[in-house]
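Enquirer: Fold the stuff below for me.
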Amino acid sequence: MEEKEVDLRDYLRMLRKRWKIILIVFLISTATAAIVSLLLPKTYESIGMVRIGRMRDKLLQEPSTVIEIIKTRPLLRKVAEKLNIAATQERLRELASKIKLREKSGLLEIKGRGENPEEALRLAEAVSAVLLERHELILEQAKLILEEYLASGKERLAQMEKEIAMLEKKIDELETTNSEAKATVARGYMESLERSRDRYEQLQVELREKKMEESYGTVSSELVVAPAIPEKPVAPKKKQNVMIAGFLGLFVGFMLAASVEYFEKPTPIS
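Expert: Reported below is the predicted structural model:
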């Protein structure tokens, strides 16, 4: 306990003696952080929110998939086209660094950053437009596949109807005879007829369900919150930078003062 009290008194004595070192380091750190923050270019951020559409109760694309592919070269080229800028490799990398996407409350949040409010707004709008166009294409392709499936189903129904009619005709023809062999054949036709009718009814139910999915389970992606022009920059965060630099300056100043105190201690004569 006494050793701890002695150590604490030593620290307090050192602080009273070396406070100028700590203050100088603190002032240099905070002043440097303030100057750097003032010199750094401002960054503005515009935010839009998109609700991803559905087809047959399934999302057109999972948010994680959108976040992963939005920065691929083909989509970045489309964004560059919307912005009327050259799609060079360097510009595409720059665009990728300014686009931020994340899932938030069931929606997809799109952030576009720029050195001025207009640039941030145009980037957020371009990314939103490219995403909506892509989802519209996916939805159209899914609808086309469903329409082809329904058309194919109608053709199969027509074929089944012919098959059922043919079996019914053959059964009617065989029922007019008293031959045991023909009666056996007729029973086989009746079993085939029963199976055909079951398949026909099952296909009808399946096609009705698919048709209902097309009518009630399809929702296009939509822009829920349109990007707006930002009023204030999001970076650099001057106050935060100065506070961090201040704490760091105090720590470094204290360590420097402790080092000076240690090396200036008189060496005991043996």
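Enquirer: all contacts plus neighbour counts: C-alpha atoms, from now on.
Expert: OK.
Enquirer: And the strands in the stretch 51-200 of the chain?
Expert: Ranges of strands in the stretch 51-200 of the chain, per DSSP state E, counting those that start in this stretch, are 54-55, 58-59, 99-104, 107-114.
Enquirer: among the ones you listed, which is the most enclosed?
Expert: Compared across the strands of the stretch 51-200 of the chain, strand 107-114 shows the largest average neighbour count, a mean of 23 (mean count of other C-alpha atoms under 10 Å).
Enquirer: Given that one, what are its sheet partners and their directions?
Expert: strand 44-51 (antiparallel), strand 99-104 (antiparallel) (DSSP bridges).
Enquirer: ok, back up a step: to Ile22, which of the strands of the stretch 51-200 of the chain lies closest?
Expert: The closest of those to Ile22 is strand 107-114. By C-alpha to C-alpha, the value is 38.6 Å.
Enquirer: picking up where we left off before, adding mean pLDDT and distance to Glu133, write the strands of the stretch 51-200 of the chain out as a markdown table.
Expert: Output for those, formatted as a markdown table (pLDDT from 0 to 100; distance: least, C-alpha to C-alpha, whole Å):
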| stretch | mean pLDDT | distance to Glu133 |
| --- | --- | --- |
| strand 54-55 | 82 | 14 |
| strand 58-59 | 86 | 15 |
| strand 99-104 | 94 | 17 |
| strand 107-114 | 96 | 15 |
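Enquirer: Quick one: closest of those to Lys143.
Expert: That would be strand 54-55 among these, by C-alpha to C-alpha, at 8.4 Å.
Enquirer: so Glu231 makes contact with Ala120?
Expert: No. Taking contacts as C-alpha atoms under 8 Å, Glu231 lies outside contact range of Ala120: 10.9 Å.
Enquirer: May I have the phi/psi pair for Glu222?
Expert: phi -140, psi 150 (degrees, to the nearest 10).
Enquirer: residues in contact with it?
Expert: The contact partners of Glu222, by C-alpha atoms under 8 Å, 6 or more residues apart in numbering, come to Val50, Arg51, Ile52, Gly53, Leu132.
Enquirer: same check, this time on Asn241
Expert: Counted by C-alpha under 8 Å, 6+ apart, Asn241 has contacts Ala33, Ala34, Ser37.
Enquirer: Please dump the strands of the stretch 51-200 of the chain into a markdown table; it should also carry distance to Thr88 for every row.
Expert: Formatted as a markdown table, these follow (distance: least, C-alpha to C-alpha, whole Å):
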| stretch | distance to Thr88 |
| --- | --- |
| strand 54-55 | 34 |
| strand 58-59 | 33 |
| strand 99-104 | 17 |
| strand 107-114 | 18 |
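Enquirer: picking that back up, top of the contacts of Glu222 by neighbour count?
Expert: Greatest neighbour count in these, by other C-alpha atoms under 10 Å, goes to Ile52: 24 neighbours.
Enquirer: quick one: Leu193 from Val224, how far?
Expert: 54 Å (C-alpha to C-alpha, to the nearest Å).
Enquirer: With neighbour numbers in mind, choose between these two.
Expert: The neighbour comparison of Leu193 against Val224 (other C-alpha under 10 Å) goes to Leu193, with 19 against 14.
Enquirer: pLDDT score assigned to that one?
Expert: Predicted confidence (pLDDT) for Leu193: 83.
Enquirer: what helices or strands is the helix or strand containing Thr32 leaning on?
Expert: According to DSSP states H and E, Thr32 maps onto helix 2-39. Helices and strands touching helix 2-39, by 3 or more C-alpha pairs under 8 Å, 6 or more residues apart in numbering; DSSP states H and E, are helix 238-263.
Enquirer: For Met160, grab the count of nearby residues.
Expert: 17.
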